[in-house]
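Colleague: Provided below for reference: sequence and predicted model.
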Amino acid sequence: MVARNRFGDGIQIVGKTVEAGVYRTDDPGFCTWYLYRSGSNYEDVINSGFSNEPEEVTVVLEAGQDFDSSGCGTWTKVG
């Protein structure tokens, strides 16, 4: 599996389905996101956030984490 640096909503495995790094979305609707410790069956929440404004949202993704987003549009690696 090739890690990508651009992705949409859904669950991503950092280091496997997406590259680690800083990601930004600038077209969210009602955006919610969760960052989990990989292997925790989505129970060990490291961080989470939401936005109900059409504003830029930025997250830092590191290997060993799972990322889940909804309503956030497309995430693009910026760093």
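Modeller: Received the coordinates, thanks. From a predicted model like this one, the values you see are computed outputs, not experimental measurements.
Colleague: just give the nearest non-adjacent residue to the most centrally placed residue in the chain, would you?
Modeller: Computing the C-alpha centroid of the chain and ranking residues by Cα atoms, centre = their mean puts Phe67 first, at 4.4 Å. The spatial neighbour of Phe67 that comes closest, neighbours along the chain excluded (Cβ to Cβ, 6 or more residues apart in numbering), is Gln12 at 4.6 Å. Using the backbone N, CA and C atoms, a C-beta is placed for each residue, glycine as well.
Colleague: tell me which strands the helix or strand bottoming out on mean pLDDT in the chain pairs with, and in which orientation.
Modeller: In the chain, the helix or strand scored least confidently by mean pLDDT, DSSP states H and E is strand 45-51, which has a mean of 91. Partners of strand 45-51 in the sheet, by DSSP bridges, are strand 31-37 (antiparallel).
Colleague: how close does Gly71 sit to Phe50?
Modeller: For Gly71, the distance to Phe50 equals 9 Å [Cβ to Cβ, to the nearest Å].
Colleague: now do the shared contacts for the two.
Modeller: With contacts taken as Cβ atoms under 8 Å, 6 or more residues apart in numbering, the residues that reach both Gly71 and Phe50 are 30-32.
Colleague: isn't Gly79 right next to Asn5, touching?
Modeller: No: the pair Gly79 and Asn5 does not pass the contact test of Cβ atoms under 8 Å, sitting 10.6 Å apart.
Colleague: can you list the low-confidence ranges for the chain?
Modeller: Applying pLDDT under 70 to the chain picks out residues 1-2, 28, 54.
Colleague: hmm, 90 instead?
Modeller: Within the chain, the segments meeting pLDDT under 90 span 1-4, 25-30, 38-44, 50-57, 73, 79.
Colleague: now do the shared contacts for Gly79 and Asn5.
Modeller: With the criterion set as Cβ under 8 Å, 6+ apart, the overlap between the contacts of Gly79 and Asn5 is Gly21.
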